[in-house]
Structures are given as structure tokens and as C-alpha cells.
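Trainee: sequence-free structure coming up:
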């Protein structure tokens with residue numbers, strides 16, 4: 001129970017470092033997080049402005065890529081920077097912002113307003129604050145909506 005509480009606190013600490021904020025934060029909860037992977041969730045608010053005028057009322061694919069990137073690149077990257085602080089105290093994650101650099105994505109299902117998605121990401125590379133993750137986006141019924149390989153890098157603010 002103590003470890004579960006500590007994990008929950010660590011998840012909230014990392015979530016608080018994610019710079020994107022409403023209405024452009026697409027990560028509500030971190031369910032799992034370690035040096036190799038992250039699992040996050042987000043529920044798409046049907047009142048978000050990008051739904052107005054988007055064909056079919058589905059979530060735009062660019063928003064789905066951003067959703068995956070905020071979990072697989074930003075949150076996981078911030079966690080890894082924090083872990084690096086053990087060896088190098090100058091590696092303070094609050095001093096970094098993450099730049100999204102590359103995406104290879106396949107979409108399989110549309111995501112409707114009100115849907116809760118779960119994002120699973122596994123770290124492929126972490127070197128010099130550069131990250132690449134293999135990412136899967138699942139609908140609440142378990143269907144795979146998208147698969148992506150996403151890359152980014154942490155750069156010092158200012």
C-alpha cells in the first residue's frame with residue numbers, strides 16, 4: 001500500500017510538470033510510470049472548440065497525435081529527466097521543455113467526443129534528453145485506435 005501511494009504521488013508530480021494546460025492538455029491521469037513505460041488516460045470533453053466544424057464530429061488526428069505525444073514524449077521524458085537527477089543534480093525537469101520532433105502514425109478507429117482513451121507508451125531510446133517511444137492509443141472498449149512512434153527532446157527553457 002505504501003508503494004502504491006508513493007507511485008501515485010510520483011505520477012501526480014510528473015503530471016504537474018507537463019506544461020500543456022486546459023484546453024490543450026490531453027493527459028488527465030498517469031496510471032503507470034517507470035523507466036521503461038508509461039500508461040496515461042484522457043477523456044475528450046465534447047465541449048472542446050475543435051469539435052465545432054470538424055467533419056463527422058470526431059477528434060482531429062492532429063489532436064490524437066498531440067494526446068499520444070503528451071504522454072509518450074512529454075510526461076515520460078520529464079520522468080526520465082527526474083530520474084537522471086540522481087546522478088546529476090542539475091537535471092531539474094522544471095527547467096526543461098519538450099520539443100516534439102517526429103511522428104510515424106497509423107490510425108485505425110475514430111475517437112468520438114466524450115471518449116476516454118488509454119495511451120500505452122514504451123521507451124525505445126533515451127539518450128541526452130532525446131526520447132523515442134512506441135505508442136498505442138486504445139478506446140475505452142479496448143479497440144486499438146492508433147499506433148505511433150514518437151520522438152522529442154528536452155531543451156532548457158529560456
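Mentor: All right, it came through fine. Being a predicted model, the structure only gives us computed values, none of them experimental.
Trainee: correct me, but residue 103 touches residue 66?
Mentor: No: assessed by CB atoms under 8 Å, residue 103 is found out of contact with residue 66, at 9.8 Å. C-betas here are computed from N, CA, C, even on glycine.
Trainee: The closest residue to residue 14 other than its chain neighbours - how many residues pack around it?
Mentor: Using CB to CB, 6 or more residues apart in numbering and skipping the chain neighbours, the partner closest in space to residue 14 is residue 79 (5.0 Å). By other CB atoms under 10 Å, 22 other residues sit near residue 79.
Trainee: chain center to stretch 28-40: distance?
Mentor: With CA atoms, centre = their mean, to the nearest Å as the basis, stretch 28-40 stands 9 Å off its chain's centre.
Trainee: Ok, stretch 117-126 next?
Mentor: 8 Å.
Trainee: For it, list every residue counted as buried.
Mentor: By 16 or more other CB atoms under 10 Å, the buried positions in stretch 117-126 come out as 117-121, 123, 126.
Trainee: any idea of the pLDDT on the residue most central in space within the chain?
Mentor: With distances taken as CA atoms, centre = their mean, residue 71 lies nearest the centre of the chain, 0.9 Å away. Per-residue confidence (pLDDT) for residue 71: 97.
Trainee: Now do the SS call for it.
Mentor: Secondary structure for residue 71, judged by DSSP: H, G, I helix; E, B strand; the rest coil, is helix.
Trainee: Surely it is in contact with residue 25?
Mentor: No: distance between residue 71 and residue 25: 10.8 Å, which falls outside the contact criterion (CB under 8 Å).
Trainee: returning to that earlier point: reformat the buried residues of stretch 117-126 as CSV; add pLDDT.
Mentor: Below are the buried residues of stretch 117-126 laid out as CSV (pLDDT from 0 to 100):
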residue, pLDDT
117, 98
118, 98
119, 98
120, 98
121, 98
123, 98
126, 95
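Trainee: taking those as a set, which two sit the farthest apart in space?
Mentor: Largest separation among these by CB to CB: 117 and 126, giving 24.1 Å.
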